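Participant: This is the structure alone, sequence omitted:
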């Protein structure tokens, strides 16, 4: 049940009838007509912008449209008032029975309440994390992993067929550096002093890799040039790092459906095939790029390169795919990888990148647009930095990692559920402060505690009701006399529940899982507020003298619990049934 969608459909029907009678001209586009909560709850239950968005294309004053629309809507028994405000906004008040019926719908539909069919079974690939396999995951990867996984959950909830994918960057120079770093730890395992020279990875996490190399190869790699061991050590170390990364993701509750290798693109003809496809579209040419902005002419060495005409698909400049020496640029395998995803038949692609990849957004969108002939949309979400704090000071880097705080450091201190929720309390493109002291405190200022406490309260109420002999099964509560929910505070909670299906659609359309966290905090606040009002107003307490009234009030509480659990499920957070 999506009450906002139902009322919007009623508005559209009224507008169509106004066209039929000549009040509005034919051919109007109703796509921008919205029904949403009013900015001020005192103005009504819902508001529509229909008159405002149709005034210009219809050539009619917005208030005239609003007045005519209001008259039609008032014929619907569900709508008790329709008031024109300002230049033409229409505020609606709905019959109390609708909100009471909403509670029944939540209990009847259970975890299905709020599910959408936006995806209609279409396929979407969400690529996220994709960290270089050169070390354990750090705190920056944590946020990207949480955002990507929650987004995948959200899209599945909204009807998409979702694939979670990790792109292993194992084809660049960084894995050679990994191999050389691991080799020094291999020497260390043999009792030699490792030479961790500048440019190598200094973290102690490579010590076990060195020991494993010793176990496998003995001393056969000692005192030999890297041409004898580089390839084997690179593959061995990469595999061990990926095992560690999988374990790290599991600690956070993230499980990928697919791991794809950059290395697998080389020597297989896949890069050449992707570039050839672009060439057949007349999008590949030999040329010389203009000097980068800010470069003096004498600092610029013009070189003939193979370029992708990405400006034909919305980019600012054309991009090199092959250097003058014949080697591929970093962009070329990325093109091939995305071409592979397009060929797999996905209807939508989503990439979760670190903020430092902002320069890649337009070129990757251009490549996907070209390679799919505009069929496949690519959305790229950039993840801003996370600043860690503890005891009022920046949290120190990990000794195990050598240069950064690891995912395991964060999860060990805060727990996976707290970490996941807090990582979604800001939009992905906004920097986030993660204060270990604050995220673990029990207060309203800690959103994860506040939401979990609300769910625990729901379960506490249900337990007390059972102790008092009240049947609180969902079927019984759904059949209760919900007309007893008539207090403005109770209706307000039901109205917040009604926003859940709408919120799911908005969040899924914008690929914005943080909206779910925001909504859950607001819903929890409404429940806590109702609880507190019951301290002063006995009639608002959930357990009353007669069973029928108790069941009606508990039905509302249980409905809140259903939606909180659904929302936490999207975030990948386990609901808490009892606070300790």
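Facilitator: Received, thanks. Bear in mind the structure is a predicted one, so any value in this text is a computation, not a measurement. Residues are numbered from 1 along each chain as shown.
Participant: Show me the domain layout of the protein.
Facilitator: Taking automatic domain parsing as the domain assignment, the ranges for the chain are 3-94, 173-251, 442-571.
Participant: what's the most buried one of those?
Facilitator: Mean neighbours per residue, mean count of other C-beta atoms under 10 Å, is largest over the domains of the chain for domain 442-571, with a mean of 19. Every residue, glycine included, has its C-beta placed from N, CA and C.
Participant: mind checking how far it is from the chain centre?
Facilitator: Centroid separation for domain 442-571 versus its chain: 24 Å, with C-alpha atoms, centre = their mean, to the nearest Å.
Participant: Figure out the length between the terminal residues of that domain.
Facilitator: Its first and final residues considered, domain 442-571 spans 20 Å by C-alpha to C-alpha, to the nearest Å.
Participant: need the contact list for the nearest residue to residue 88 once chain neighbours are set aside.
Facilitator: Nearest non-adjacent residue to residue 88, counting by C-beta to C-beta, 6 or more residues apart in numbering: residue 62, 2.9 Å away. By C-beta atoms under 8 Å, 6 or more residues apart in numbering, residue 62 lies in contact with 51-52, 54-55, 87-88.
Participant: my read: residue 333 touches residue 263, true?
Facilitator: No: using C-beta atoms under 8 Å, residue 333 makes no contact with residue 263, being 9.1 Å away.
Participant: Could you check which of these two has the larger neighbour count?
Facilitator: Higher neighbour count among residue 333 and residue 263: residue 333, with 23 against 17, using other C-beta atoms under 10 Å.
Participant: Got phi/psi on the residue nearest to that one when sequence neighbours are not counted?
Facilitator: Take residue 333 and drop its neighbours on the chain: the residue closest to it by C-beta to C-beta, 6+ apart is residue 265, 4.8 Å away. Torsion angles at residue 265 (phi, psi; degrees, to the nearest 10) stand at phi -80, psi -30.
Participant: quick one: residue 265 and residue 334 touch, right?
Facilitator: No: between residue 265 and residue 334 there is no contact under C-beta under 8 Å: 9.3 Å.
Participant: tell me the pLDDT at the residue nearest the centre of the chain?
Facilitator: Residue closest to the average C-alpha location in the chain (C-alpha atoms, centre = their mean): residue 151, at 3.1 Å. We have a pLDDT of 98 for residue 151.
Participant: And for residue 223?
Facilitator: 89.
Participant: Same question for the one 5 residues further on.
Facilitator: pLDDT for residue 228: 96.
Participant: picking up where we left off before, roughly how far is the helix or strand where the residue nearest to the centre of the chain lies from the heart of the chain?
Facilitator: Residue 151 is part of helix 139-157, with elements assigned from DSSP states H and E. Averaging C-alpha positions (C-alpha atoms, centre = their mean) puts helix 139-157 5 Å from its chain's average.
Participant: quick one: contacts of the next helix or strand after it?
Facilitator: Toward the C-terminus, helix 139-157 is succeeded by strand 161-168 as the next helix or strand (DSSP H and E). Here strand 161-168 makes contact (C-beta under 8 Å, 6+ apart) with 119, 121-130, 133, 148-149, 152, 155-156, 238, 242, 254-263, 337, 341, 346.
Participant: Just the buried ones out of the residues you listed, please.
Facilitator: 119, 124-130, 133, 148-149, 152, 155-156, 238, 242, 254, 256, 260-263, 337, 341, 346 (16 or more other C-beta atoms under 10 Å).
Participant: Filter these down to just the ones in helices.
Facilitator: Residues of those located in helices (DSSP state H): 148-149, 152, 155-156, 238, 242, 337, 341.
Participant: Show me which of these is closest to residue 184.
Facilitator: Nearest to residue 184 out of those is residue 238 (C-beta to C-beta; 16.2 Å).
Participant: so what's that closest one up against?
Facilitator: 133, 168, 170, 175, 178.
Participant: how close does it get to residue 137?
Facilitator: Separation of residue 238 from residue 137 (C-beta to C-beta, to the nearest Å): 15 Å.
Participant: cool, residue 226 as well?
Facilitator: 27 Å.
Participant: do the same with residue 503
Facilitator: With C-beta to C-beta as the criterion, residue 503 and residue 137 are 30 Å apart.
Participant: now swap in residue 62 and tell me
Facilitator: Per C-beta to C-beta, residue 62 is found 53 Å from residue 137.
Participant: rewinding a little: which one of the ones in helices among the buried ones among the contacts of strand 161-168 is nearest residue 68?
Facilitator: The shortest approach to residue 68 among those belongs to residue 155, at 39.2 Å (C-beta to C-beta).
Participant: That closest one - nearest residue in space that isn't next to it in sequence?
Facilitator: Residue 155 sits nearest to residue 162 (C-beta to C-beta, 6+ apart), 5.2 Å away.
Participant: Check residue 270 too.
Facilitator: In space, and not counting its chain neighbours, residue 270 is closest to residue 336: 4.7 Å by C-beta to C-beta, 6+ apart.
Participant: quick one, phi/psi of the nearest residue to residue 342 once chain neighbours are set aside?
Facilitator: Excluding the flanking residues, the one nearest residue 342 by C-beta to C-beta, 6+ apart is residue 372, at 4.7 Å. Per-residue torsions, residue 372: phi -100, psi 10 (degrees, to the nearest 10).
Participant: And the helices in the stretch 251-400 of the chain, which stretches?
Facilitator: Assigned by DSSP state H, counting those that start in this stretch, the helices in the stretch 251-400 of the chain fall at 270-280, 331-343, 361-371.
Participant: Any idea which of the ones you listed gets closest to residue 47?
Facilitator: Closest to residue 47 of the helices of the stretch 251-400 of the chain is helix 361-371 (C-beta to C-beta; 34.9 Å).
Participant: what's that closest one packed up against?
Facilitator: Packed against helix 361-371 by the contact rule (3 or more C-beta pairs under 8 Å, 6 or more residues apart in numbering; DSSP states H and E) you find helix 270-280, strand 305-308, helix 331-343, strand 348-354, strand 377-383.
Participant: same thing but 10 Å
Facilitator: If you count contacts as 3 or more C-beta pairs under 10 Å, 6 or more residues apart in numbering; DSSP states H and E, helix 361-371 packs onto helix 270-280, strand 305-308, strand 319-322, helix 331-343, strand 348-354, strand 377-383.
Participant: Out of the ones you listed, which gets nearest to residue 441?
Facilitator: It is, among the helices and strands packed on helix 361-371 and with distance given as C-beta to C-beta, strand 377-383, at 25.6 Å.
Participant: hang on, the earlier thing: check the contacts of residue 238 and tell me the two furthest apart.
Facilitator: 168 and 178 (12.2 Å).
Participant: Can you check which residues contact both of the two?
Facilitator: 132-133, 238, 241 (C-beta atoms under 10 Å, 6 or more residues apart in numbering).
Participant: would you turn these into a markdown table with pLDDT?
Facilitator: Formatted as a markdown table, the shared contacts of residue 168 and residue 178 follow (pLDDT from 0 to 100):
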| residue | pLDDT |
| --- | --- |
| 132 | 92 |
| 133 | 95 |
| 238 | 97 |
| 241 | 97 |
